[in-house]
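# can't give you the sequence, but here's the structure:
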């Protein structure tokens, strides 16, 4: 199922009106009824989050991306975000942009058709996301590069200890340090995608994007000189030529990941992207969860 098709289904623009299918489901097929939150659970959630959890459904999006517009890939960098703005053709040297927030980078980019972001979009309530499970399976030998997205209450917990306790209760495992350190950015995107935006937003995973480009996962370490060279070459074979130096404060690996995200954004725009799972899951937040490559 393409990005436009599921978005139309979600917003009611398609022929088939969306219901509660898949919400609260542990698999790609969905079909289970949404899980009801009991009073004790609700109270526990309030204690864990301090009242900071956003509400509201996903914001409005275009019915289809504008093919004449460029696309943007976003990756978390030290102190904020780095973006790679790729021209409408999907080829050339991306323009690199930085900002404290994703919205700031998008504003600098101007009119874009698709933004692909390397951060979880759509948080689970009491299950593992199929997006993470299936992307991990797609990356044999590199599965550790895909962290398991914490449940919503764990993301909004006030401490690492609380996050671990909540996540263990809901899915039987704790929260990785990497995921907890990214919680600020996860919460930022969680609020941002509830706004009305004039472009599509797609979650991506750069290592999965590189694997799709190369036909196999890249085994080199992305922070090594060998890994950077391999990723540059992989992008160049797709007609994307990475700038020779990264912006101040941005790691080379983050710059390369942003460019890979831009490649995926172009595939979303042109309807070529593959998604994990094929039909995005939807949890209580109403935000479709799928990783695009």
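Structure received. Quick caveat, the model's predicted, so the values are computed rather than measured.

# tell me the SS of residue 84?
Applying DSSP: H, G, I helix; E, B strand; the rest coil to residue 84 yields a three-state assignment of strand.

# What are the buried residues along stretch 121-139?
Residues of stretch 121-139 classed as buried: 121-136, 138-139 (neighbour count, 16 or more other Cβ atoms under 10 Å). The C-beta positions use only the backbone N, C-alpha and C, and glycine is treated the same way.

# now residue 203, what's its secondary structure?
Going by three-state DSSP, the secondary structure assigned to residue 203 is strand.

# oh sorry, the question was meant for residue 74
Per three-state DSSP, the local secondary structure of residue 74 is strand.

# which one is it nearest to, not counting chain neighbours?
Setting aside the residues directly before and after it, residue 74 is nearest to residue 117 in space (Cβ to Cβ, 6 or more residues apart in numbering), at 4.4 Å.

# on that earlier part again, just the buried residues of stretch 121-139: which are in strands?
Residues of the buried residues of stretch 121-139 located in strands (DSSP state E): none.

# Filter those down to the ones in helices?
With helices taken from DSSP state H, the overlap with the buried residues of stretch 121-139 comprises 130, 131, 132, 133, 134, 135, 136, 138.

# From the residues you listed, pick the one nearest residue 180.
Using Cβ to Cβ, residue 132 comes nearest to residue 180 of those, at 15.4 Å.

# quick one, what contacts that closest one?
Applying Cβ atoms under 8 Å, 6 or more residues apart in numbering, one finds that residue 132 lies in contact with 146, 147, 148, 149, 291.

# Find the nearest non-adjacent residue to the first one, please.
Of all residues not flanking residue 146 in the chain, residue 136 sits nearest, at 4.5 Å (Cβ to Cβ, 6+ apart).

# what comes up buried for stretch 212-224?
Going by neighbour count (16+ other Cβ under 10 Å), the buried part of stretch 212-224 is 212, 213, 217, 218, 222.

# Tell me which entries of the residues you listed lie within helices.
When DSSP H defines the helices, the subset of the buried residues of stretch 212-224 inside them is 212, 213.

# got JSON lines for the buried residues of stretch 212-224, with distance to residue 84 too?
Written out in JSON lines, the entries for the buried residues of stretch 212-224 read as follows (distance: Cβ to Cβ, whole Å):
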{"residue": "212", "distance to residue 84": "17"}
{"residue": "213", "distance to residue 84": "14"}
{"residue": "217", "distance to residue 84": "21"}
{"residue": "218", "distance to residue 84": "18"}
{"residue": "222", "distance to residue 84": "15"}
